[in-house]
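Asks: sequence and predicted structure, then a few things I'm wondering about:
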Amino acid sequence: MAHRTLVQTIAMPEQSSEPSIRLYFITLRADAFALAEVLDPVFEEEVLTTALFEDPDDTDNWQYGIYCEADDETRVRGLVADALGENAPASELLREEITITDWVSETLRDLAPVHAGRFTVHGGHDAAAVANRPITVQVDAGLAFGTGHHGTTAGCLMMLEKCLRRSSSRPLRLRSALDVGTGSGVLAIALAKALRIPVLATDIDPVATDVARDNCRLNGVASDVICETATGFEHPCFARFGDVDLVFANILAGPLQQLAKPMVQHLNSGAHVILSGLLPHQKTRLVARYRSQGLVFDEALIHNGWLTLLMRKA
């Protein structure tokens, strides 16, 4: 049985060098999630990558790791020590040499398809097995975040399914959509396949943008999804695309706080906003932030320990 993997790709470094080591803790699940809550924001600012997953050799434990170059190890260890202080786990910060293939492709390639209502996200090796599913999204392990196995990606698809089912009694007017922090493009592809509406998919990482564009071609929605590298809503692609009826923003709590005001300026009346990349205790703060911009809280769900919110512009 495949182990559960929650890979949070904060960003890939712009330089050509690849991460060559992984520094990681092995600890209980609750402690691993607590580490992610403290350390993910630190390494988001450092433009490094972290991953959280169930230990394949001991399902009572989870691993939380940071990926960096070998010559950056001392500094990264210092950042970990400073961030955790007296709250550091009893377990040692371990080290292993890795390559990008080791921590992405090898970790993800054998995972089973993920089902979320009408949506199925799968690797190429499972294409035949899921051929009869209503809407399939093929995404193979690669250099961008998003295989459907992360609780945030699956949570967004589950929330989209709720919206689409609800539309029979309360019709949704979805004419265009935005996927902020698209990663591999899973959410944009799923939406384009379901509704055949134009979608703007953006990411701060040009590698992710290229991967998303390739995945759109693979899934037959290249004409429906525009993929752009954009670091904020001031990028001209948003003005060119126009206001939207639905937004996916599957990133982290900090960026979601910062993006609330500019995001709302790109919404049509009645638009829906699906927010994820959140832990349950962050709900009150995020809901309050988006309410202050005129949105209404609609619904929340928790999947594999990750929170997804549905907000709506009145």
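Replies: Here it is on my side, so go on.
Asks: could you use CA atoms for every contact and neighbour count after this?
Replies: Noted.
Asks: list the contacts for Phe297?
Replies: Phe297 makes contacts with Val287, Arg291, Leu309, Leu310, Met311, Arg312, as judged by CA atoms under 8 Å, 6 or more residues apart in numbering.
Asks: if it is in a bridge, with which residues?
Replies: Assessed by DSSP bridges, Phe297 has beta-bridge partners Met311.
Asks: pLDDT weak spots in the stretch 101-250 of the chain?
Replies: Applying pLDDT under 70 to the stretch 101-250 of the chain flags residues 101-111, 141-149, 167-171.
Asks: which parts of it are helices?
Replies: 106-108, 151-166, 186-195, 206-218, 236-241 (DSSP state H, counting those that start in this stretch).
Asks: make JSON lines from those and add distance to Val114 and mean neighbour count to it.
Replies: Converted to JSON lines, the helices of the stretch 101-250 of the chain look like this (distance: least, CA to CA, whole Å; neighbours: other CA atoms under 10 Å):
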{"stretch": "helix 106-108", "distance to Val114": "12", "mean neighbour count": "18"}
{"stretch": "helix 151-166", "distance to Val114": "8", "mean neighbour count": "22"}
{"stretch": "helix 186-195", "distance to Val114": "12", "mean neighbour count": "24"}
{"stretch": "helix 206-218", "distance to Val114": "17", "mean neighbour count": "21"}
{"stretch": "helix 236-241", "distance to Val114": "31", "mean neighbour count": "13"}
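Asks: I'd like those helices laid out as CSV, including distance to Leu178.
Replies: What follows is these, written out as CSV (distance: least, CA to CA, whole Å):
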stretch, distance to Leu178
helix 106-108, 26
helix 151-166, 13
helix 186-195, 8
helix 206-218, 14
helix 236-241, 9
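Asks: looking at those, which is nearest to Val273?
Replies: Of all the helices of the stretch 101-250 of the chain, it is helix 151-166 that lies closest to Val273, at 10.0 Å by CA to CA.
Asks: quick one: contacts of the closest one?
Replies: Outside helix 151-166, the residues that touch it by CA under 8 Å, 6+ apart are 6, 114, 116-119, 146-148, 172, 186-187, 190, 248, 250, 274-278, 301-308, 310.
Asks: make a PyMOL selection of the buried ones in these.
Replies: Burial among the contacts of helix 151-166 is assessed by 16 or more other CA atoms under 10 Å; the matching PyMOL selection reads:
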select buried, resi 6+114+116+117+118+119+146+147+148+172+186+187+190+248+250+274+275+276+277+278+301+302+303+306+307+308+310
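Asks: now intersect the contacts of helix 151-166 with the strands, please.
Replies: Applying DSSP state E to the contacts of helix 151-166, the entries found in strands are 6, 114, 116, 119, 248, 250, 274-278, 301-303, 306-308, 310.
Asks: and the closest residue in space to Pro113 that isn't next to it in sequence, how many neighbours?
Replies: Using CA to CA, 6 or more residues apart in numbering and skipping the chain neighbours, the partner closest in space to Pro113 is His122 (4.4 Å). When neighbours are counted by other CA atoms under 10 Å, His122 registers 26.
Asks: who's in contact with His122?
Replies: His122 neighbours (CA under 8 Å, 6+ apart): Ala112, Pro113, Val114, Val130, Thr136, Val137, Gln138, Val139, Asp140, Thr147, Gly148.
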